[in-house]
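Q: with the sequence up front, the predicted model follows.
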Amino acid sequence: MRPRRRGRTALLIAGAAVLGLVAGTCAGYLVQADREPTKLPSLSQPKLTQAEGEAPEPLSAARDRRVRTDGDLRKLLLKKPRGAKSAEWLSGADGWMDLADYAGTFEEPGAVFGELISEEFRRAAVVGWEDGDQTVEIRLVQFRQEESTAAADSTDDSQYWAETEDVDSWVVPGTEDGMAYVYADPESEPGYLPLYSAEAFAWRGDIAMQVFAYDTKPITKKTIMSLAERQMERL
């Protein structure tokens with residue numbers, strides 16, 4: 001949202017303050033011109049002593065999150081449950097989604113493609129499975145984040161659109177603002193079973209997590225929360 005414009009009174013006060021500063025500066029120059037020059041202090045400074053002792057040890061791979069997230073991102077995804085069938089309909093190839101693949105998951109891929117470039121999209125990993133009538137898809141979307149907090153912004157956008165629908169929502173434990181949603185009404189078309197859905201969105205560092213679940217019967221809070229919690233634990 002655009003910031004609210006300041007009122008006319010505030011602008012008048014600001015203008016008066018600027019005029020006061022200009023007048024005060026001019027008076028200060030006149031006073032200073034009649035004074036004798038002040039001798040500058042010496043540029044020398046005390047000698048700095050170097051700290052003794054060994055430098056701290058670098059973080060181990062277990063403690064340094066970047067060691068994990070800069071590696072094979074697919075290894076951080078939840079594993080397909082035993083007995084479930086791998087999803088053949090996932091976008092991308094071999095568990096990866098490139099820029100075009102990820103942009104293609106939106107309603108306006110062309111516009112989103114340009115936005116993802118400006119948001120410093122780096123890569124995305126995806127996994128999905130079918131377990132009976134239930135379908136699950138999980139994405140980890142990583143950004144370079146050299147100039148923006150794109151992972152958090154992407155999560156905010158996803159949560160905004162989810163909250164425009166009739167949903168029940170809960171905070172994902174272990175996150176500051178991760179959210180899980182269960183849609184109240186299923187999608188339905190003639191000749192097809194109703195399709196219920198649930199989603200979860202959270203972020204950690206430079207990675208945005210997205211979880212989608214679909215079923216022909218209502219999806220419980222426990223189901224979507226379990227998926228979101230377990231995936232965030234792997235990050």
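A: Done, it's in.

Q: contacts only, for Glu120.
A: For Glu120, the contacting residues are Phe143, Arg144, Gln145, Glu146, Glu147, Ser148, Ala150, by C-beta atoms under 8 Å, 6 or more residues apart in numbering. Any C-beta I mention is one placed from the backbone N, CA and C, and that applies to glycine too.

Q: with neighbour count and distance to Ala103 as new columns, can those be given to me in a markdown table?
A: Converted to a markdown table, the contacts of Glu120 look like this (neighbours: other C-beta atoms under 10 Å; distance: C-beta to C-beta, whole Å):
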| residue | neighbour count | distance to Ala103 |
| --- | --- | --- |
| Phe143 | 24 | 14 |
| Arg144 | 13 | 16 |
| Gln145 | 17 | 19 |
| Glu146 | 8 | 20 |
| Glu147 | 9 | 20 |
| Ser148 | 13 | 18 |
| Ala150 | 24 | 14 |
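
Q: so of the residues you listed, which ones are in strands?
A: Phe143 (DSSP state E).

Q: among the contacts of Glu120, which one sits closest to Phe121?
A: Phe143 (6.0 Å; C-beta to C-beta).

Q: what pLDDT does that closest one get?
A: Looking at Phe143, its pLDDT is 98.

Q: tell me the bridge partners for it.
A: Phe121 (DSSP bridges).

Q: measure it to Ala213 for me?
A: 24 Å (C-beta to C-beta, to the nearest Å).

Q: any regions of this structure where pLDDT drops low?
A: 1-69 (pLDDT under 70).

Q: could I get the full set of strands for it?
A: 85-86, 96-97, 121-131, 134-143, 167-171, 179-183, 196-204, 207-215.

Q: my guess is Ser197 contacts Tyr183. True?
A: Yes: counting by C-beta atoms under 8 Å, Tyr183 is a contact partner of Ser197 at 5.0 Å.

Q: list the contacts of the nearest residue to Thr175 once chain neighbours are set aside.
A: Counting by C-beta to C-beta, 6 or more residues apart in numbering, the nearest residue to Thr175 once its immediate chain neighbours are dropped is Ala202, at 4.6 Å. Neighbouring residues of Ala202 by C-beta under 8 Å, 6+ apart: Thr155, Val172, Thr175, Asp177, Gly178, Met179, Ala208, Met209, Ala228, Met232.

Q: name only those of those that count as buried.
A: Thr155, Val172, Thr175, Gly178, Met179, Ala208, Met209, Ala228, Met232 (16 or more other C-beta atoms under 10 Å).

Q: check contacts around the nearest residue to the second one once chain neighbours are set aside.
A: With C-beta to C-beta, 6+ apart as the criterion, Val172 has its nearest non-adjacent residue at 3.5 Å, and that residue is Gly178. Contacts of Gly178 were listed using C-beta under 8 Å, 6+ apart, and they are Thr155, Val171, Val172, Ala200, Phe201, Ala202, Trp203, Met209, Ala228, Met232.
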